[in-house]
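**Student:** just coords:
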């Protein structure tokens with residue numbers, strides 16, 4: 001397994017990603033879309049998800065394809081980013097056709113970043129405009145770290161962020177992951193230096209420091225996030241939201257199983273994961289460019305997606321950059337002092 005040429009989810013042919021963010025707001029939006037509608041499903045394992053249009057993605061529901069998927073900050077306010085994306089798609093005449101009507105299908109998920117030090121005293125919900133701006137900026141190249149939906153994200157110990165990674169299998173199949181990392185748990189082992197995802201790192205993509213050699217890891221540690229948000233019930237101020245994708249033609253149920261398998265990547269990269277206070281969610285996407293999957297391919301693709309997601313989570317934190325008013329340090333700042 002080797003990464004694609006960009007080591008981004010857009011190594012999956014036909015996919016594009018756009019970001020929009022506000023430094024003052026300390027929040028933003030990330031949109032995944034494609035030249036053609038995408039087959040998609042979803043799986044939720046956190047106890048506090050925030051979503052829009054995800055019921056449509058169940059295997060027994062009528063709509064089989066989506067036009068875009070939104071990851072957003074802003075908690076429930078951020079769900080309005082989907083409306084901005086719908087506006088842009090509608091202007092292009094894209095969507096689900098019902099007679100003479102065309103309805104863009106735009107599922108979305110949000111993370112909680114309302115208490116991260118940004119100015120949230122808006123008079124008009126800013127997320128609709130951010131959603132449209134993110135969609136209109138979509139490209140095969142996009143920024144990671146403090147960008148898009150990861151702009152205001154926080155982990156237990158460091159700033160979170162937006163991450164992505166890809167892999168090209170020996171068969172030529174491409175798999176990729178995109179994630180906004182804002183968990184209750186930590187992405188690093190005690191001491192801040194090593195990433196939980198280190199065994200799956202490829203080519204020094206998040207520092208090349210290797211796994212932590214200490215034993216007895218995984219014990220509860222004092223969360224910096226909990227300390228700085230002491231009066232704000234930090235157990236309810238979290239969530240890791242992700243998209244995994246492949247170019248193999250998967251059915252809707254197979255997309256759902258892809259999302260299920262990819263959750264292993266969250267558990268490998270964040271400790272603890274899937275808590276009652278997280279809204280951990282993964283969308284599974286197929287572009288269908290390579291033809292129908294064989295009987296064995298979905299399992300291999302699901303495993304690859306889990307590895308990509310673990311790597312993407314570490315990259316999100318590794319690439320986060322400092323900004324005025326931050327509540328937590330970046331991993332790079334803490335590591336430079338160690």
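**Tutor:** Cool, the structure landed. Just so we're clear, the structure is a prediction, and the values are computed from it rather than from any experiment.

**Student:** pLDDT of the lengthiest helix in the chain, averaged?
**Tutor:** Determined from DSSP state H, the single longest helix within the chain is helix 297-318. When pLDDT is averaged along helix 297-318, the result is 96.

**Student:** who does it touch, helix- and strand-wise?
**Tutor:** strand 161-168, strand 174-182, strand 239-246, helix 252-269, helix 331-337 (3 or more C-beta pairs under 8 Å, 6 or more residues apart in numbering; DSSP states H and E). For every residue, glycine as well, the C-beta is placed using N, CA and C.

**Student:** list the buried residues of the longest one.
**Tutor:** Spelled out, it's helix 252-269. 252, 254-269 (16 or more other C-beta atoms under 10 Å).

**Student:** next secondary structure after it?
**Tutor:** Sequence-wise, the next helix or strand downstream of helix 252-269 (DSSP states H and E) is strand 281-286.

**Student:** counting neighbours, what do you get for the nearest residue to residue 288 once chain neighbours are set aside?
**Tutor:** In this structure, residue 288 finds its nearest non-sequential neighbour in residue 249, 3.9 Å apart by C-beta to C-beta, 6 or more residues apart in numbering. Close neighbours of residue 249, defined as other C-beta atoms under 10 Å, add up to 15.

**Student:** okay but residue 249 is in contact with residue 294, surely?
**Tutor:** No. Taking contacts as C-beta atoms under 8 Å, residue 249 lies outside contact range of residue 294: 10.9 Å.

**Student:** distance to residue 280 and mean pLDDT added to the helices and strands packed on helix 297-318, as JSON lines?
**Tutor:** Listed next are those as JSON lines, based on distance: least, C-beta to C-beta, whole Å; pLDDT from 0 to 100:
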{"stretch": "strand 161-168", "distance to residue 280": "14", "mean pLDDT": "98"}
{"stretch": "strand 174-182", "distance to residue 280": "10", "mean pLDDT": "98"}
{"stretch": "strand 239-246", "distance to residue 280": "5", "mean pLDDT": "97"}
{"stretch": "helix 252-269", "distance to residue 280": "6", "mean pLDDT": "97"}
{"stretch": "helix 331-337", "distance to residue 280": "21", "mean pLDDT": "80"}
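
**Student:** let me know which of the ones you listed is the nearest to residue 75.
**Tutor:** Of all those, the one in closest proximity to residue 75, counting by C-beta to C-beta, is strand 239-246 (9.0 Å).

**Student:** buried ones in that closest one?
**Tutor:** Buried residues in strand 239-246, defined by neighbour count with 16+ other C-beta under 10 Å: 239, 240, 241, 242, 243, 244, 245, 246.

**Student:** backbone phi and psi for the nearest residue to the third one once chain neighbours are set aside, please?
**Tutor:** Right, residue 241. Nearest non-adjacent residue to residue 241, counting by C-beta to C-beta, 6+ apart: residue 109, 4.3 Å away. Main-chain dihedrals, residue 109, degrees, to the nearest 10: phi -140, psi 150.

**Student:** and residue 92, how many residues sit next to it?
**Tutor:** 11.

**Student:** how close does it sit to residue 22?
**Tutor:** Note on residue 92: its distance to residue 22, by C-beta to C-beta, to the nearest Å, is 25 Å.

**Student:** coming back round to it: now distance to residue 202 too, for the helices and strands packed on helix 297-318, in CSV please.
**Tutor:** Converted to CSV, the helices and strands packed on helix 297-318 look like this (distance: least, C-beta to C-beta, whole Å):
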stretch, distance to residue 202
strand 161-168, 8
strand 174-182, 13
strand 239-246, 16
helix 252-269, 14
helix 331-337, 18
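
**Student:** looking at these, spot the one closest to residue 42.
**Tutor:** Nearest of those to residue 42, taken as C-beta to C-beta: helix 252-269 at 5.7 Å.

**Student:** starting from residue 13, give me the distance back to the residue nearest to residue 288.
**Tutor:** 13 Å.

**Student:** check residue 270 too.
**Tutor:** Counting by C-beta to C-beta, the separation of residue 270 from residue 13 is 29 Å.

**Student:** and if you look at residue 252?
**Tutor:** Using C-beta to C-beta, residue 252 is found at 20 Å from residue 13.
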